[in-house]
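> Quick check, what structure comes out for this input:
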Amino acid sequence: MLAGYFTSVNGSVVSATTGVNNITRLNADGTRDTVFNASGGIGLGGANHYVSSVVLQADGKLMLGGSFTSVNGTTRNLLARLANDDATQSLVAAETRKVLWTRSGAGPELSATTFEQSTDGGTNWTALGAGTRVGTTANWQLTGLSLPGTVSIHARGRTTSGAYGSTGLIEQVAAFTGLISPPPPAVTPSTASLSIAATMLTITGTNFDPVISGNNGFVLARTGRQLEGPLEGGTPP
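Predicted coordinates for the structure are as follows:
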């Protein structure tokens with residue numbers, strides 16, 4: 001969203017069908033969103049004077065503040081709200097180690113997020129930590145957790161808007177039950193073999209376990225330093 005004191009954006013000037021007075025919307029590539037200011041669009045005509053602040057609410061609607069008295073031809077003194085595309089968000093904890101906050105639609109962009117947990121239905125909250133963005137998407141997550149099976153999660157995100165760096169908060173709370181800790185990853189042990197052509201193997205060292213028997217009948221005793229038994233291709237001495 002762009003707001004301020006202008007009548008032209010990327011060469012598009014005010015007309016009966018493409019008004020861009022002091023407010024307009026851009027596409028992701030920086031070009032002007034012609035639908036927003038087109039005939040029948042929610043931004044057609046714009047504001048009749050300076051727009052100093054725009055806030056994108058959690059539901060996707062736009063709050064305008066400024067020195068205007070009319071927006072899109074309708075009397076609105078200093079404050080106005082515009083309809084917009086719907087905003088959607090979902091807070092998911094599929095298992096005990098991870099929380100995912102997915103966001104899409106016309107919701108405001110977040111610059112930072114934090115997560116909290118409650119085990120008493122929301123009476124008391126404990127900080128879990130700051131979230132990290134999932135790639136280049138609008139989604140945020142927090143991993144490496146150890147959540148209880150029944151828990152409430154509180155996600156909070158900070159938005160930035162306005163001419164003077166004002167900020168806002170977007171929040172969502174969700175309760176979960178029956179969360180399951182995933183099993184640890186399977187570990188495949190390495191194997192090795194030792195072939196010895198002799199009939200005697202001497203190992204020097206201390207603190208051996210009292211008795212360790214090998215698959216081939218070897219016995220390692222604390223009191224001795226010899227490993228005796230049938231060796232590959234041979235017989236006990």
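> Do I have it right that residue 65 meets residue 49?
No. If you go by CB atoms under 8 Å, residue 65 and residue 49 don't touch, sitting 11.7 Å apart. Just so you know, the C-beta spots here come from the backbone N, C-alpha and C atoms, and that holds for glycine as well.
> low pLDDT regions in this protein?
In the prediction, the chain carries residues with pLDDT under 70 at positions 12-20, 27-28, 37-45, 85, 161-165, 189-237.
> What segments of it are helices?
Applying DSSP state H to the chain gives helices spanning 34-37.
> surely residue 179 meets residue 151?
Yes. Using CB under 8 Å, residue 179 makes contact with residue 151 at a distance of 6.9 Å.
> Common neighbours of the two, please.
residue 93 (CB atoms under 8 Å, 6 or more residues apart in numbering).
> between the two, which one's more packed in?
Summary of the neighbour comparison: residue 179 and residue 151, criterion other CB atoms under 10 Å, with residue 151 having more neighbours (20 against 15).
> first vs last residue of stretch 159-177, how far apart are they?
Counting by CA to CA, to the nearest Å, you get 30 Å between the two ends of stretch 159-177.
> what's that stretch in contact with?
The contact list for stretch 159-177, computed with CB under 8 Å, 6+ apart, reads 4, 52-56, 58, 65, 89, 91-93, 101, 107-111, 121-122, 147, 149-158.
> separation between residue 142 and residue 74?
43 Å (CB to CB, to the nearest Å).
> Distance of the nearest residue in space to residue 134 that is not next to it in sequence relative to residue 101?
Closest residue to residue 134 in three dimensions, ignoring its sequence neighbours and counting by CB to CB, 6 or more residues apart in numbering: residue 141, at 5.5 Å. According to CB to CB, residue 141 and residue 101 sit 7 Å apart.
> what residues do these two have in common as contacts?
Overlap of the contact sets of residue 141 and residue 101 (by CB under 8 Å, 6+ apart) consists of residue 131.
> With neighbour numbers in mind, choose between those two.
Summary of the neighbour comparison: residue 141 and residue 101, criterion other CB under 10 Å, with residue 101 having more neighbours (25 against 16).
> was I right about the more buried one contacting residue 140?
Yes. Using CB under 8 Å, residue 101 is in contact with residue 140, at 4.7 Å.
> list the residues that contact both of these two?
With the criterion set as CB under 8 Å, 6+ apart, the overlap between the contacts of residue 101 and residue 140 is 113, 131, 155, 157.
> From residue 74, how far off is the first one?
The spacing between residue 113 and residue 74, counted by CB to CB, is 36 Å.
> Show me which of these two is the more surrounded one.
Using other CB under 10 Å, the more surrounded residue of residue 113 and residue 74 is residue 113, with 21 against 8.
> If we ignore the residues flanking it in sequence, what's nearest the more buried one?
Leaving out its chain neighbours, the residue that sits closest to residue 113 by CB to CB, 6+ apart is residue 131, at 3.8 Å.
> ok, the one you found - contacts?
For residue 131, the contact set (CB under 8 Å, 6+ apart) comprises 99, 101, 112-115, 140-142, 155.
> Now, of the residues you listed, which are buried?
Among those, the ones that count as buried by 16 or more other CB atoms under 10 Å are 99, 101, 113-115, 140-142, 155.
> among those residues, which two are most distant?
The span of the buried ones among the contacts of residue 131, defined through CB to CB, is set by 114 and 141 at 12.3 Å.
> Need phi/psi at residue 106.
Per-residue torsions, residue 106: phi -90, psi 20 (degrees, to the nearest 10).
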